[in-house]
Structures are given as C-alpha cells and as structure tokens.
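K.L.:
here's my sequence, what's the structure:
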Amino acid sequence: MLVKNLASIFYFLMKKTILLFVFTSLFATTAIANGSITQGNYRWRNDDGNMENATAKADENVNSTVLKETNVRLRVGIGNYDVGDGEEDLGLYYSTDSTIWTHITNDTNNHFQLSLSSYFDESDTINDLLANGSLSHGGGFTIESTVSKSFTLYENTSAEFEYCIKATSNADLDSTYLFAVIEDGGGYGYNTLPKLTMVSPSLNVSPPSKVVPSSPGITTSFSITSNTNWTISDDAAWLITSLNSGSGDDSFTASYTENTLPTSRMATITVEASGVPDVEVTVTQSGSSVPFHTIVHNVTISNGQTECYEATSTIIVAGSGTTVDILSGGQATFIAGQNIFWHAGFYAHSGSNCHGYITESGDY
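P.N.:
Residues are numbered from 1 along each chain as shown. Here you go, the predicted model:
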C-alpha cells in the first residue's frame, strides 16, 4: 500500500512538473505562432498629422530610425484567417532579440513607452491604410495610452491599429528594436516584424557661406540635412530667411535689401536643433560701387558732353557759392536713392538736356 501511495504521489508530482514546464514554455517567449491569427503589414509614420494626412517615415513594411524622446507612430495589421470571431486583448511589445519581449506601457523606465499624440485621441477609429490581401478591412483604433486594448477580431477580416510611442532616455543608441502586437496570454504568428533603429540627432547646412551683390535680391538655396526638428535665426535686419523652422531634410533662401554703403556687410544665419551643436552659415553682401552721397560743384558740361551723377542716398548740385552749368548741347543725368537737391548756382541753358531720377529698384 505504501509503495502504491508513493507511486501515486510521484505520478502527481510528475504531472504537475509537466504542466509547469508547458506553462513556462508558453510564457518564456511571446513569439508563439498562431497560424490563423497573424500580425501582417505595417508602416512607420511621423506624428505630424491626423489619420489621413500624417506623413510616412518609410514605405509599407520598411524599417526606419528614431530619436530618443520623439513621438513615432506604428500602423500594424492583424489578420483573422478562418478562426471565427474572437475577443482579443492586444498589447504592443518590443524586443532586441525576438526572444525576450517587454510590454510597452506608460512606464518611463522601459526603453519605449506609450505617448500622447497632439493629432488624435485614444480609441479614434482609423482608415484602411495597409494592404489586406484576401481579408476585408475590419476596423481598428488609435492607441496612445491604453496598455491592453480589447477588440473583437472578426473571421476573415484584418484590423489595423495605430500606436503612438516614443523611445525613452533608456533606449540604447545604435540598437535595433523589433515590435509585435501580442494578445494577452500568447503571441500571434507574424509575417514580418517592424523594426526601429535608435540614432543620434544630426544637423548639417551647406554651403557654409554665400557672397551676394550690393543690389537687393534672393540667395540661392542653403540645404539642410537633418533627422530632427530645427529652427533658423539671423542677426541682420537687412536679411530675411524663407523658413523659420522645420524638420528633416529641407532647403531655404535668404532675401536681402540693397547695400548702399561702400563697405561690405555680413549676416550670420544660425540653424539650431536639440542635442547637436548649432550650425552657422554666412551671407556677405558686397559694398555699393555707387557712393552714398554725391556733391556736384563747379562743373561745366559743354556741347556734346554727357555726364551721369549717382548716389545711393543724396545728390547735392551747386550751392554754397558754386556753379553747375549745362550748356546748349550738353546732357546731365542725376540718379539718387533718396534725394536730389538743386541749389542756387545751377544753370541748365537753352538747348541742354537734364534729367533727375529717384530709383526705387537700386538701378543706376
């Protein structure tokens, strides 16, 4: 009897051990294939718009990169192939080796956390964005704060979910993370797993400098190469940049007013982004070949003689006891940016030709 009882106890313990082994095996990894419910196509998106107009970080089923503390959105499809309708509790998980998975929650101690978007609310319904194959679109939701989302996955349909997440300060630079939507109690099968690689912010602006003429105009483009948000400022009242801020790769120009001084001047344009050194580029504008002031005293312009007098500001003709005589057949032209003053002592004789202009375009 004692032997029989010991055998029974041994059998019972072995049975428990086997059950424990099976239970442990089920939860040692969440990448458990369920051949009929499958995580399918995906797309990484920028958190810069609503469901219809948010831009893509990459094409469908193409991996991307991300900066720390920057929102990124993951659209992912889950397909139900001939399983029958089922209530699912879904969560998004990350891993670096597809073996050990961490649930993405609101915990900032993990490498990724759920993050609130400025462009949608929790559980908004979403449009059909991904290719569904033979399955019909079965709805879906946005998720920015719900750790486990309950959803009925109907037979022969594909549901789409768009998560807003961000990498925390604990994420490892240059590491590549995999992402999987996992049902509480076990994982789905999957065709391919979305991946994000952690990168540092970068910023470059070229060329480093431009030289422009004294006349007003617009520079050719400066090119910005970056993977983050940036702002632009300058230190000159005579120059205006076409952009004040932006994100990623872009270009900008700078418009400038006329330089009426004989000396050149320089403006510094500063492009700034968090986590990287500021980048400075310069615009140097040449000095004007036209003098700022011109004084015409004691001049005689004879028959057949043509003279032109210019100033970016003011021309003063005669006065202070001096004379300016334009004789018959002589011609004189005066062009100023602001003022022309003809004083006593100026004579335009019969048969002479005299013109005065105030230029608004900087043409002389």
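
K.L.:
from what I can see residue 159 touches residue 77, true?
P.N.:
Yes: Residue 159 is in contact with residue 77 according to C-beta atoms under 8 Å; the separation is 7.0 Å. Any C-beta I mention is one placed from the backbone N, CA and C, and that applies to glycine too.

K.L.:
higher neighbour count, those two?
P.N.:
Counting neighbours by other C-beta atoms under 10 Å for residue 159 and for residue 77 shows that residue 77 has the greater number, 27 against 24.

K.L.:
now the more buried one: how far from residue 42?
P.N.:
Distance of residue 77 to residue 42, computed by C-beta to C-beta, to the nearest Å: 7 Å.

K.L.:
any common contacting residues for these two?
P.N.:
Both residue 77 and residue 42 are contacted by residue 130, under the criterion C-beta atoms under 8 Å, 6 or more residues apart in numbering.

K.L.:
end-to-end on stretch 60-67?
P.N.:
End-to-end distance of stretch 60-67 (C-alpha to C-alpha, to the nearest Å): 20 Å.

K.L.:
which stretches in the stretch 51-200 of the chain count as strands?
P.N.:
64-66, 71-80, 86-95, 102-103, 112-114, 136-143, 149-153, 157-167, 176-183, 189-190, 195-198 (DSSP state E, counting those that start in this stretch).

K.L.:
would TSV of those with mean pLDDT and distance to residue 287 be doable?
P.N.:
Below are those laid out as TSV (pLDDT from 0 to 100; distance: least, C-beta to C-beta, whole Å):
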stretch	mean pLDDT	distance to residue 287
strand 64-66	95	46
strand 71-80	93	48
strand 86-95	85	60
strand 102-103	94	63
strand 112-114	98	56
strand 136-143	88	58
strand 149-153	83	67
strand 157-167	94	51
strand 176-183	92	55
strand 189-190	70	67
strand 195-198	97	50
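
K.L.:
now distance to residue 250 too, for the ones you listed, in TSV please.
P.N.:
Output for those, formatted as TSV (distance: least, C-beta to C-beta, whole Å):
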stretch	distance to residue 250
strand 64-66	18
strand 71-80	19
strand 86-95	31
strand 102-103	35
strand 112-114	28
strand 136-143	28
strand 149-153	36
strand 157-167	23
strand 176-183	27
strand 189-190	36
strand 195-198	22
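
K.L.:
nearest to residue 238, out of these?
P.N.:
With C-beta to C-beta as the criterion, residue 238 lies closest to strand 71-80 of the strands of the stretch 51-200 of the chain, at 38.4 Å.

K.L.:
other SSEs contacting the closest one?
P.N.:
strand 37-46, strand 86-95, strand 157-167, strand 176-183 (3 or more C-beta pairs under 8 Å, 6 or more residues apart in numbering; DSSP states H and E).

K.L.:
could you check the angle it makes with strand 176-183?
P.N.:
If you take axes from the mean of the first three to the mean of the last three C-alpha atoms, to 10 degrees, strand 71-80 sits at 50 degrees to strand 176-183.

K.L.:
quick one: strands adjacent to strand 71-80?
P.N.:
strand 37-46 (antiparallel), strand 157-167 (antiparallel) (DSSP bridges).

K.L.:
comparing those, which comes out most buried?
P.N.:
Using mean count of other C-beta atoms under 10 Å, the stretch among those with the largest mean neighbour count is strand 157-167, at a mean of 23.

K.L.:
just how off-centre is it within its chain?
P.N.:
Remark: strand 157-167 is offset 22 Å from the chain centroid, using C-alpha atoms, centre = their mean, to the nearest Å.

K.L.:
between that strand and strand 149-153, how big is the angle?
P.N.:
160 degrees.

K.L.:
state whether residue 275 is indeed within a strand.
P.N.:
No: using DSSP: H, G, I helix; E, B strand; the rest coil, the assignment for residue 275 is coil, not a strand.

K.L.:
how about the nearest residue to it, chain neighbours excluded?
P.N.:
Leaving out its chain neighbours, the residue that sits closest to residue 275 by C-beta to C-beta, 6 or more residues apart in numbering is residue 201, at 4.1 Å.

K.L.:
residues contacting that neighbour?
P.N.:
Going by C-beta under 8 Å, 6+ apart, residue 201 touches 67, 226-228, 273-276.

K.L.:
which residues does the residue nearest the centre of the chain contact?
P.N.:
Centroid-nearest residue in the chain, with C-alpha atoms, centre = their mean: residue 247, separated by 1.5 Å. Residue 247 makes contact with 48, 226, 228-230, according to C-beta under 8 Å, 6+ apart.
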